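Novice: fold the following and give me the result.
(2 chains)
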Amino acid sequence: AQTVTQSQPEMSVQEAETVTLSCTYDTSESDYYLFWYKQPPSRQMILVIRQEAYKQQNATENRFSVNFQKAAKSFSLKISDSQLGDAAMYFCAYRRANAGGTSYGKLTFGQGTILTVHP
Amino acid sequence: DTEVTQTPKHLVMGMTNKKSLKCEQHMGHRAMYWYKQKAKKPPELMFVYSYEKLSINESVPSRFSPECPNSSLLNLHLHALQPEDSALYLCASSQMGSNQPQHFGDGTRLSIL
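Specialist: Coordinates of the predicted model:
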């Protein structure tokens, strides 16, 4: 079974600084997708960034980028120029590619990292 | 703006009550999901609907009964719930395809007295 581990229950960063959130996963699959979701205190879970395992190039979305190391099964999220609005719980998630039947749609989440941004 | 709309936002019910949670999306997504989330924990998948058919039931107790009346609506019927069922219930939807991200609603905060 796939597992996702976020080893940092809490992190903090000063506004305008850079912070990196860690995520490792365990899978025997070669094709899969990885996601970072953000859940602010207002509750709505929002997609931050996604990465296809077959792509070597790291995904980037504005101030958010990932460091995807497939061999090491590591998928960290870097937030540059942190803003107060980045404060949230961040979840790393894994999904098998081309999964059908009873596996379809299953996202495996990590335990989450609470990010605090100090002004 | 939330593209997945969940009602009600808050619900308090007794253990003998029957209530329903509603979820609606108009993005043309054909996969819809129910999750249960406890405070400071990741969401736990409960049900998945694909093309209005139930495709995954994660061994959820029968006191939770999902329904997908059409491609835009997803309901979760609740009956005889237990105090441990108090949680945030999240609905999500997505296009079909493993690379498609799930879009989440704001959730319904459920409290069982």
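Novice: once you drop chain neighbours, what's closest to residue B:100?
Specialist: Once flanking residues are discounted, residue B:100 sits nearest to residue B:94: 4.6 Å by CB to CB, 6 or more residues apart in numbering or on different chains. (Each C-beta comes from the backbone N, C-alpha and C, glycine too.)
Novice: which bits of chain B sit near chain A?
Specialist: Within chain B, the positions near chain A by CB under 8 Å from any CB of the partner chain are B:2, B:31, B:33, B:40-43, B:45, B:48, B:50, B:55-56, B:88, B:90, B:92, B:94, B:98-99, B:101-107.
Novice: buried ones among these?
Specialist: Taking 16 or more other CB atoms under 10 Å in any protein chain shown as the criterion, what is buried in the residues of chain B next to chain A is B:31, B:33, B:42-43, B:45, B:48, B:50, B:55-56, B:88, B:90, B:92, B:94, B:98, B:101-107.
Novice: so where do the strands sit in chain B?
Specialist: B:4-7, B:10-13, B:18-25, B:31-37, B:44-50, B:53-57, B:64-70, B:73-79, B:87-94, B:103-104, B:108-112 (DSSP state E).
Novice: parallel or antiparallel, list what pairs with the second one.
Specialist: Right, strand B:10-13. Here strand B:10-13 is paired, per DSSP bridges, with strand B:108-112 (parallel).
Novice: check the shortest one too.
Specialist: When sheet partners are counted by DSSP bridges, strand B:103-104 sits next to strand B:87-94 (antiparallel).
Novice: please apply the same query to the third one.
Specialist: Its sheet considered, strand B:18-25 pairs with strand B:4-7 (antiparallel), strand B:73-79 (antiparallel) by DSSP bridges.
Novice: list the contacts of residue A:8.
Specialist: A:21-22, A:113 (CB atoms under 8 Å, 6 or more residues apart in numbering or on different chains).
Novice: let's have those in JSON lines, adding neighbour count.
Specialist: Shown next, in JSON lines, are the contacts of residue A:8 (neighbours: other CB atoms under 10 Å in any protein chain shown):
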{"residue": "A:21", "neighbour count": "24"}
{"residue": "A:22", "neighbour count": "17"}
{"residue": "A:113", "neighbour count": "22"}
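Novice: filter those residues down to just the ones in helices.
Specialist: Among those, no member falls in helices (DSSP state H).
Novice: closest one to residue A:1 out of these, please.
Specialist: residue A:22 (20.8 Å; CB to CB).
Novice: ok, that closest one touching residue A:11?
Specialist: No. In this structure, residue A:22 is not within contact of residue A:11 by CB atoms under 8 Å, at 9.1 Å.
Novice: quick one, helices of chain A?
Specialist: Taking DSSP H as the criterion, chain A carries no helices.
Novice: can you pull the residues of it lying near chain B?
Specialist: Of all the residues in chain A, those lying near chain B are A:32-33, A:35, A:37, A:42-47, A:50, A:52, A:89, A:91, A:95-99, A:101-102, A:104-107, A:109-112, A:114, going by CB under 8 Å from any CB.
Novice: just the buried residues of those.
Specialist: Counted by 16+ other CB under 10 Å, the residues of chain A next to chain B give A:32-33, A:35, A:37, A:43-45, A:50, A:52, A:89, A:91, A:95-96, A:104-107, A:109-112 as buried.
Novice: now do the contacts for residue B:87.
Specialist: B:36-38, B:110.
Novice: ditto for residue B:27
Specialist: B:3-4, B:93, B:103 are the contacts of residue B:27 under CB under 8 Å, 6+ apart.
Novice: in chain B, where is pLDDT below threshold?
Specialist: By pLDDT under 70, the weakly predicted segments of chain B are B:1-2.
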